[in-house]
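Colleague: No sequence on hand, only this structure:
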DNA sequence: GTAGGATCTAGAGCGCACTCTAAGGCAAAC
DNA sequence: GTTTGCCTTAGAGTGCGCTCTAGATCCTAC
């Protein structure tokens, strides 16, 4: 038996107790949380694992509504694997697109960092061919 | 001369005219926008370029407040390259962390997609060693 | 017995980034 | 001359994801 209080789950997951209750209200838990004496929530390891998945999906930009939808499919049991796949694949596409965006941004930043480092003499030389950027013009 | 109306800039950047005015109010423009007849905004290519930078920074999760700060440094002219570098490097760290998160999420999704494809017989075989995931348990 | 600390519920509040509304100005087309 | 369409302003509204408050209950320690 591994009954965890909401406080313990908060500590383990990094979510606040407020957020844990909020996620539950929002239907993000795969199973209804057990209740112990005095009506206190009692979580088990499966709950923590599932929350870990939710956290990862959130961190990658999946809206709560989509996580809820996925959770509902899981809760409904076998027979809807096609829909689950659809949700996952859609999200994967979005994550890949997001990653591409980040890479483009990294290129831009690296370019600008290079310009400033050159200007500050932090690098060996100031390349004559450095493209003229917005920042080179006084405001 | 290349005077662009707010509508044209909206079309080019993909931002709405509302958002363009909003960004201006928020101090995200490197130069004050010129005004033409009847007080209409007149943008030039530099403005569009700068907006492109802002869009990229936003897309990678930089808050408007940070973009404003960076814009203010640029607007102030030469002499604050160190601060600009600091802003950029800080953001780069955040982008890298974000990319790492996305990669972790991709791992998770790929793993789950594999499980479902196997279950659906979309792949050659169902591996016996497939880890038991939350979803394998009925709700 | 009482103080402290964790928990409970229902519901209000907040921060961010837009997004839209209302009321009006100007200019070209019909 | 009036309709159409793009522009202006100030300010209100929206959606999301939390985050917090109030007031109550319960358990443990002193």
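Modeller: It's in. This one's a predicted model, so the numbers in the text were calculated from it and none came from an experiment.

Colleague: now the helices for chain A?
Modeller: Here chain A has its helices, by DSSP state H, at A:6-13, A:17-25, A:45-59, A:64-75, A:81-119.

Colleague: Would you mark the buried spots in the first one?
Modeller: Within helix A:6-13, the residues that qualify as buried are A:6, A:9-10, A:13, counting by 16 or more other Cβ atoms under 10 Å in any protein chain shown. To be clear about C-beta, it is placed using only N, CA and C from the backbone, and glycine gets the same treatment.

Colleague: Dump those residues into CSV; add distance to DNA strand C as well.
Modeller: CSV is the format used below for these (distance: Cβ to the nearest atom of the strand, whole Å):
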residue, distance to DNA strand C
A:6, 4
A:9, 8
A:10, 7
A:13, 13
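
Colleague: just checking: which of these also lie near chain B?
Modeller: When Cβ under 8 Å from any Cβ of the partner chain is taken as the criterion, no member of the buried residues of helix A:6-13 contacts chain B.

Colleague: And the pLDDT at residue A:24?
Modeller: The model reports residue A:24 with a pLDDT of 97.

Colleague: Also residue A:120?
Modeller: The model's pLDDT for residue A:120 equals 84.

Colleague: do the one 3 residues further on as well
Modeller: In the predicted model, residue A:123 carries a pLDDT score of 60.

Colleague: How much space separates the closest residue to residue A:52 other than its chain neighbours from residue A:4?
Modeller: Once flanking residues are discounted, residue A:52 sits nearest to residue A:13: 7.0 Å by Cβ to Cβ, 6 or more residues apart in numbering or on different chains. Taking Cβ to Cβ, to the nearest Å as the measure, residue A:13 falls 10 Å from residue A:4.

Colleague: shared neighbours of those two, anything?
Modeller: residue A:48 (Cβ atoms under 8 Å, 6 or more residues apart in numbering or on different chains).

Colleague: Mind putting the buried residues of helix A:6-13 into a markdown table with pLDDT?
Modeller: Output for these, formatted as a markdown table (pLDDT from 0 to 100):
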| residue | pLDDT |
| --- | --- |
| A:6 | 96 |
| A:9 | 97 |
| A:10 | 97 |
| A:13 | 96 |
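
Colleague: buried ones in stretch A:69-80?
Modeller: Buried-residue list, stretch A:69-80, by 16+ other Cβ under 10 Å: A:69-71, A:73-75.

Colleague: How about stretch A:44-64?
Modeller: Buried residues in stretch A:44-64 (16+ other Cβ under 10 Å): A:47, A:50-51, A:53-58, A:60-62, A:64.

Colleague: cool, stretch A:16-30 as well?
Modeller: Buried residues in stretch A:16-30 (16+ other Cβ under 10 Å): A:20, A:23, A:28-30.

Colleague: Tabulate those (JSON lines), appending distance to DNA strand C.
Modeller: As requested, those are exported to JSON lines (distance: Cβ to the nearest atom of the strand, whole Å):
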{"residue": "A:20", "distance to DNA strand C": "8"}
{"residue": "A:23", "distance to DNA strand C": "12"}
{"residue": "A:28", "distance to DNA strand C": "15"}
{"residue": "A:29", "distance to DNA strand C": "12"}
{"residue": "A:30", "distance to DNA strand C": "17"}
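
Colleague: If we only consider those residues, which is nearest to DNA strand D?
Modeller: Nearest to DNA strand D among the buried residues of stretch A:16-30, counting by Cβ to the nearest atom of the strand, is residue A:23 at 7.2 Å.

Colleague: Surely the closest one is in contact with residue A:51?
Modeller: Yes. If you go by Cβ atoms under 8 Å, residue A:23 and residue A:51 touch, sitting 7.4 Å apart.

Colleague: Are there residues contacting both of those two? Which ones?
Modeller: A:15, A:29.

Colleague: Show me which residues of chain A sit near DNA strand C.
Modeller: A:5-8, A:10, A:17-18, A:21, A:39-41 (Cβ under 7 Å from any atom of the strand).

Colleague: Against residue A:4, how distant is residue A:53?
Modeller: From residue A:53 over to residue A:4 (counting by Cβ to Cβ), the distance is 17 Å.

Colleague: And residue A:31, how far from DNA strand C?
Modeller: In this view, residue A:31 and DNA strand C are 15 Å apart by Cβ to the nearest atom of the strand, to the nearest Å.
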